[in-house]
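S.K.: based on what follows, work out the 3D shape:
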Amino acid sequence: MRIAALLALLLVSVPLAAQPLLSRYSVRSPNSQPNGFFGRVIETIGDADGDGVQDFLVGAYNEDPTGSLNNIGRAYYFSGADGSVIRTFDSPNAQASGFFAVSAAAAGDVNGDGTPDFLAGSYHTVNGLTVAGRAYLISGADGATLRSFESPDPERDGFYSFNVAAPGDLDGDGIGDYVIGAPSEDVVVGGNTVVDHGVAYAYSGADGSLLWTSTPQTQEASIFYGRVASVGGDLNGDGTPDLITSAVQATSSVGLQTGLAYAVSGSDGSILYQMESGNAAFNNFGGFGWSITGLTDLDGDGVRDIGVGAPYEGVAGTHVRDGSVSFFSGASGASFGTYFEEERQAERLFGWTVREIGDLNGDGVPEIGVSAPSQFSAYQDRGGIFADPFAGALFITSGSDIGMASAEDIAEVYPTLPDFPTQFRWRFGETFAALGDTDGDGLPEIAVGAPNQGTNIGFVGVFSGASILAISDVDVSAEDEQPIGGDGTYGFASTAASLVLNTVSTLRGDEAAETLAAGNGTSIRVRRHASPPNGTEGIAEAEVAGYRWTFTSDGPLSFGTTSEARFQLSEIPNSQVVDPGGIVVYHRASIGGGAFEALPTSYDAASGQIVATGFTTLGEFAFASDTNPLPGEPGAGASGVAVRAFPNPGSDAMTVAVMAPEAGVVRATVHDALGREVALLHDGPLAAGEQLLPLDARTLSPGVYMLRVTTPEATVTRRLTVVR
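M.R.: As a prediction, this is how the structure comes out:
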């Protein structure tokens, strides 16, 4: 997978694979405790506070509400709009090491009181004389227990409710039902008791009765069958929603305990087909099936598809526990391919969690998130940059690219938080959830957990879809990269930018800055983006350019305030600058979010360059002016077609300019965040040169849209923002 990256919160200077991005907000436990592991479970649950915005649940399965018993567990509802606490839920049966909320699933409004409810696992709760586990259906309104579930065959350490799912109506009575996994229960198969075989149980939502039991009919011990997940649809066409299960140590066709995943009939629990990793030959105990999820229809056959993570896999015996993710047809189980993150790293655990996150790039197909909670990262301390081999990361890949030889990734989310400057092993991304559009811009937000942050206290960061899109590959019109060997001038010709660096140094922990040695491999990458900045806080001028630059490095750098960023006006397509001296360059260290600061700016008439000074970090640069029109996107697609929109953002009359080198057939459309076509601007022959297409933005609700211009050779996309 090819990665374009972003960084959560704030970092002074970052690797190429880690551009800085501010989270929209973060949430912490109202009852923070060391080793509480707040953020290990995150689930969207519906609108719990009546504001029309999706809210979410966070579990802290090790928190102690009593102050005397350990590891009881808690759950919380948080507002998707602002992260405020809506409600706190304690275990209905407070017991030491009960681990309440170790798993959870949104159940909808079960009791009809207008508040969404949830199913929670407590896999170590005492059941009779055994530590067998229970699951609870909890009222979202007041925390009351609506129903409790126990294993039909309770067993000590059977891990009953280690995973739970709410797939919908399985028995046709119109009421949602539940599936609960017990991956360590012993099972009788063929008259023999098979140890740690595992089982999944389905229960009626109407009365709690057992609907069916599912387990593979094999006598292989210790396969740990019972991770369960909803597909979100019907795989076999019988009208009943189906499920995905897995056995993370089952023996695959290569004779190794690499793990297997299964499509399971929601009607009777029978196994429809099984799936295995395409990388199984090298990976005994690769953990295939550690994460399982239903996905949108990726192959266009009308059936939802499947994603499976294997975080302990390596490649041909190298990069142990690097991790992989595989994708499969929901209709047949046929593989779409097994994918690895492009830059190999042992112990990253890529594939720990796999989930759909919504459509960020406007192509109508939801993107897919894959976490790597032990991903190497760098973050900022008060004294410098530290490497953390266990920080974690969330990779976001384009859903429309699954099945191709190399999936195109949108972004990569990393943690950094100066509140805990010396604490490692965040396990950021261990779980995450798509919240939908919580800020009204038409793009989905993502909640990402870091349960080991602090002294395993944990936190959850919520990231704006618009901010992620702002640093993504979607609108890159030019890109260049140069190795940095110390002070000097570095040109990034294709981007129309250059850097003059003075007193360049690296930051090595809390040691004194050291002079950057020539040939040490540090590089700076510059991108020109064919869209305006995401937010203009701090910019005073009336006109903001519809293009911007992002500067990132693959190593921590610092440099003096006499360094310069230079921009060659003649190389910026469609810039139409009439007063170079009237341009002000703005800068922010956090790409995609945060306030801009004006830089001392001048115009070098001899070279035709805008010159900006006074910055001490890389980041994002943008033009603003009160005397120039500074029109929109300058980028051209692969077909040579350049597309820009102005004014952008716009509120009523907008114009889309299409510059084509030759006459040809062009289709220009506008799509909402779900990929639905909401406006047709042109469909037919278009003359060569710049052609102007009118867009009446009054017909569109405020928010972010994607403009798509398609020719027989290529498709060019641009972001549109409608404001009121």
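S.K.: rest of the way, CA atoms for contacts and neighbours
M.R.: Will do.
S.K.: can you verify F327 is assigned to a helix?
M.R.: No: counting by DSSP: H, G, I helix; E, B strand; the rest coil, F327 falls outside a helix, being strand.
S.K.: and it, what are its bridge partners?
M.R.: Bridge pairing for F327 (DSSP bridges) gives the partners G307, G337.
S.K.: pretty sure it contacts T338?
M.R.: Yes: the criterion here is Cα atoms under 8 Å, and F327 meets it with T338 at 6.7 Å.
S.K.: so what's the residue count around the closest residue to A280 other than its chain neighbours?
M.R.: By the measure of Cα to Cα, 6 or more residues apart in numbering, the closest residue to A280 outside its immediate chain neighbours is T258, 6.0 Å from it. A count of nearby residues for T258, using other Cα atoms under 10 Å, gives 30.
S.K.: before we move on, back to that, F327 and T338: which is more packed in?
M.R.: Set F327 next to T338 and count neighbours by other Cα under 10 Å: F327 wins out with 27 against 21.
S.K.: which residues touch the more buried one?
M.R.: 305-308, 335-338, 402-403 (Cα atoms under 8 Å, 6 or more residues apart in numbering).
S.K.: still on that earlier bit, the residue nearest to A280: what's it in contact with?
M.R.: 248-252, 277, 280, 283-288.
S.K.: out of the residues you listed, which is most surrounded?
M.R.: Busiest of the contacts of T258 [other Cα under 10 Å] is F288, holding 37 neighbours.
S.K.: once you drop chain neighbours, what's closest to that residue?
M.R.: Using Cα to Cα, 6+ apart, the closest residue to F288 is A310 (3.9 Å).
S.K.: how many neighbours does that neighbour have?
M.R.: Using other Cα under 10 Å, the number of residues around A310 comes to 36.
S.K.: isn't it up against S324?
M.R.: Yes: here A310 reaches S324: they are 5.2 Å apart, a contact under Cα under 8 Å.
S.K.: which residues are common contacts for these two?
M.R.: 350-351.
S.K.: following element in sequence after the lengthiest helix in the chain, please.
M.R.: As assigned by DSSP state H, the longest helix anywhere in the chain is helix 465-470. Downstream of helix 465-470, the first helix or strand assigned by DSSP states H and E is strand 476-483.
S.K.: now the end-to-end length of stretch 329-341.
M.R.: 21 Å (Cα to Cα, to the nearest Å).
S.K.: go on, stretch 428-448?
M.R.: Stretch 428-448 has its terminal residues 7 Å apart, counting by Cα to Cα.
S.K.: report the buried residues of that stretch.
M.R.: 428-439, 441-448 (16 or more other Cα atoms under 10 Å).
S.K.: with stretch 65-84 instead?
M.R.: Buried, per 16+ other Cα under 10 Å, within stretch 65-84: 65, 70-84.
S.K.: same check on stretch 561-570?
M.R.: Buried-residue list, stretch 561-570, by 16+ other Cα under 10 Å: 563-569.
S.K.: ok, those vs D153, which is closest?
M.R.: A565 (69.0 Å; Cα to Cα).
S.K.: contact partners for that closest one?
M.R.: A565 neighbours (Cα under 8 Å, 6+ apart): 497-500, 611-613.
S.K.: output these in a markdown table, with neighbour count and secondary structure appended to each entry.
M.R.: Output for the contacts of A565, formatted as a markdown table (neighbours: other Cα atoms under 10 Å; DSSP: H, G, I helix; E, B strand; the rest coil):
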| residue | neighbour count | secondary structure |
| --- | --- | --- |
| A497 | 25 | strand |
| S498 | 20 | strand |
| L499 | 21 | strand |
| V500 | 16 | strand |
| V611 | 23 | strand |
| A612 | 24 | strand |
| T613 | 19 | strand |
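S.K.: need the max-distance pair from these.
M.R.: A497 and T613 (13.5 Å).
S.K.: S277 touches S326, doesn't it?
M.R.: Yes: with contact defined as Cα under 8 Å, S277 counts as touching S326 (6.6 Å).
S.K.: quick one: common contacting residues for those two?
M.R.: By Cα under 8 Å, 6+ apart, the residues touching both S277 and S326 are T338.
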